[in-house]
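Asker: here is a sequence with its predicted model. Questions after.
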Amino acid sequence: MTKIEAIIERAGDGTYDIYCLNEIFSGAGKSIEDAKKDLRRQMEFYKETARKEGFKYPAFLDDEYEIVYRIDAPSLMKYYVGAGVFSLAGLEKVTGISQKQLWSYLNGTRPRRRQSDRIEAGFRALSRDLNALFA
């Protein structure tokens, strides 16, 4: 099965964009799920159009493939804070980063690599804890 790597980013207007790293496909939407659906629609549309017009398209589109998504730390935080799942206080507990600094990341400041690593580590620890509950 072919694995397609795709990056999810939050756009300046609050929507989400997804683009494939090694393929020509992309999608956009008001939410991450909408953007994922749009990416799949674009891929299917491309395949159908290529068939109708008689030009080549990536062979994996005819087989089973998996899209592996990655999201940057500020986009992930903004998504869950915006959805009301997390508060800045909750994120502070998960990441060990002050609410003031987290707020700046949610509003346009790009975290340094070390801070991104702390955010990622916090979410991974939370994920392990949640997985342990349902194991």
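Answerer: That came through, no problem. Since we're looking at a predicted model, the values are computed, not measured.
Asker: low-confidence ranges, this structure, go.
Answerer: Scanning the chain for pLDDT under 70 picks out 135.
Asker: per-domain residue ranges of this structure.
Answerer: Taking automatic domain parsing as the reference, the chain has its domains at 2-71, 73-133.
Asker: now the terminal residues of the longest one, how far apart.
Answerer: In terms of CA to CA, to the nearest Å, the two terminal residues of domain 2-71 are separated by 20 Å.
Asker: can you put the domains of the chain in CSV and add mean neighbour count?
Answerer: No exception for glycine: its C-beta is placed from N, CA and C like everyone else's. Shown next, in CSV, are these (neighbours: other CB atoms under 10 Å):
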stretch, mean neighbour count
domain 2-71, 14
domain 73-133, 15
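Asker: now do the helices in this protein.
Answerer: Using DSSP state H, the helices of the chain run over 32-53, 73-82, 88-95, 99-106, 113-133.
Asker: for the ones you listed, give me JSON lines that also has distance to D17.
Answerer: Converted to JSON lines, these look like this (distance: least, CB to CB, whole Å):
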{"stretch": "helix 32-53", "distance to D17": "7"}
{"stretch": "helix 73-82", "distance to D17": "9"}
{"stretch": "helix 88-95", "distance to D17": "23"}
{"stretch": "helix 99-106", "distance to D17": "17"}
{"stretch": "helix 113-133", "distance to D17": "19"}
